[in-house]
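In: Structure for the following, please:
(chains A and B)
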Amino acid sequence: DAKTTQPPSMDCAEGRAANLPCNHSTISGNEYVYWYRQIHSQGPQYIIHGLKNNETNEMASLIITEDRKSSTLILPHATLRDTAVYYCIVRFSTGANSKLTFGKGITLSVRP
Amino acid sequence: GAVVSQHPSRVICKSGTSVKIECRSLDFQATTMFWYRQFPKQSLMLMATSNEGSKATYEQGVEKDKFLINHASLTLSTLTVTSAHPEDSSFYICSAPPPGGRGYTFGSGTRLTVV
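Out: Numbering: from 1, shown residues only, chains lettered A, B, ... in the order given. The predicted model follows:
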């Protein structure tokens, strides 16, 4: 699976949009971009994933550049409860037996 | 939907004893489950892949005789930490891929403290 690079941390004000970047310059054509987050002392939570097109769900939006070498997770209106470590993961398929490898992630701190 | 239940959430045990952690998929069947370990301020490290009806696959450096994994049914995988030592104290998390191709579902984790 392709390696990802994320800044170690960022913060944003409550109510503002949080834009979390991720670089995956070695991504191959059939690799998906996944985002998970982990709130302190809890198991990770799936947020969103995409292949080429931008995606949006009830939690967030995922913007993937045209060359697919980077992506941005957008939390449109961050709340204090969004404070967590966010992991950008690239993997080959949605197959059930495919391992999920976590990097260091980015720590998002939402300030009041 | 797609809930994974993990128990216990916290356990304290004496050095040399064994501890069993359960991971159940509540509303879907999981032929494969994954077990992770997380030390403070570090990321999740995959320990092993649990396969229903067959032997688990362990990651390099993980002692299979120390971390026993059993996946006896399509909804239950267990991790037993045998002869636990203080250095085994960690946060253990299980995960399973739900049907439909969405992201994996994770348990809430088990905080193991060996004294």
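In: any idea how far A:D67 is from the residue nearest the centre of chain A?
Out: For chain A, the residue sitting closest to the mean C-alpha position, by CA atoms, centre = their mean, is A:W35 at 3.3 Å. To A:D67, A:W35 is 19 Å away according to CB to CB, to the nearest Å. To be clear about C-beta, it is placed using only N, CA and C from the backbone, and glycine gets the same treatment.
In: Over to B:R37?
Out: Using CB to CB, we find B:R37 at a distance of 36 Å from A:D67.
In: These two: which is more packed in?
Out: Each of B:R37 and A:D67 has its neighbours counted (other CB atoms under 10 Å in any protein chain shown); B:R37 has more, 21 against 8.
In: Do I have it right that the more buried one meets B:S43?
Out: No: in this structure, B:R37 is not within contact of B:S43 by CB atoms under 8 Å, at 10.4 Å.
In: right, and A:N54 touches A:I64 too?
Out: Yes: with contacts counted by CB under 8 Å, A:N54 reaches A:I64, the gap being 6.4 Å.
In: Between the two, tell me which one has more neighbours.
Out: The residue with more neighbours, out of A:N54 and A:I64, is A:I64; 21 against 13, by other CB under 10 Å.
In: any idea where the strands of the chain begin and end?
Out: Just going to use chain A. A:9-13, A:18-23, A:32-38, A:45-50, A:55-56, A:61-64, A:70-75, A:84-91, A:106-111 (DSSP state E).
In: that answer is for a different chain, and I need it for chain B
Out: Remark: strands assigned in chain B by DSSP E are B:4-7, B:10-13, B:19-25, B:32-38, B:45-51, B:57-58, B:67-73, B:76-81, B:90-96, B:105-106, B:110-114.
In: And for the first one, what's in contact with it?
Out: Spelled out, that is strand B:4-7. Residues outside strand B:4-7 that contact it (CB atoms under 8 Å, 6 or more residues apart in numbering or on different chains): A:43, B:21-26, B:93-96, B:105-110.
In: So which bits of it are buried?
Out: B:V4, B:Q6 (16 or more other CB atoms under 10 Å in any protein chain shown).
In: for A:S70, what are its contacts?
Out: Contacts of A:S70 by CB under 8 Å, 6+ apart are A:P21, A:C22, A:N23, A:H24, A:S25, A:I64.
In: switch to 10 Å and redo it
Out: For A:S70, the contact set (CB atoms under 10 Å, 6 or more residues apart in numbering or on different chains) comprises A:T4, A:T5, A:P21, A:C22, A:N23, A:H24, A:S25, A:I27, A:V33, A:I63, A:I64, A:C88.
In: Count the residues that sit near whichever residue of chain B sits closest to chain A.
Out: Among the residues of chain B, B:G103 lies nearest to chain A; the distance is 2.8 Å by CB to the nearest CB. Around B:G103 there are 22 other residues, counting by other CB under 10 Å.
In: same check, this time on B:T57
Out: Number of residues near B:T57 (other CB under 10 Å) recorded here: 16.
In: what about residue 75, how many residues close to it?
Out: Picking chain A for this. 21.
In: sorry, should have said chain B
Out: Neighbours of B:T75 using other CB under 10 Å come to 19.
In: Quick check: beta-bridge partners of the closest residue to it other than its chain neighbours?
Out: Among residues not flanking B:T75 along the chain, B:S25 sits closest, at 4.9 Å (CB to CB, 6 or more residues apart in numbering or on different chains). According to DSSP bridges, B:V4 are recorded as the beta-bridge partners of B:S25.
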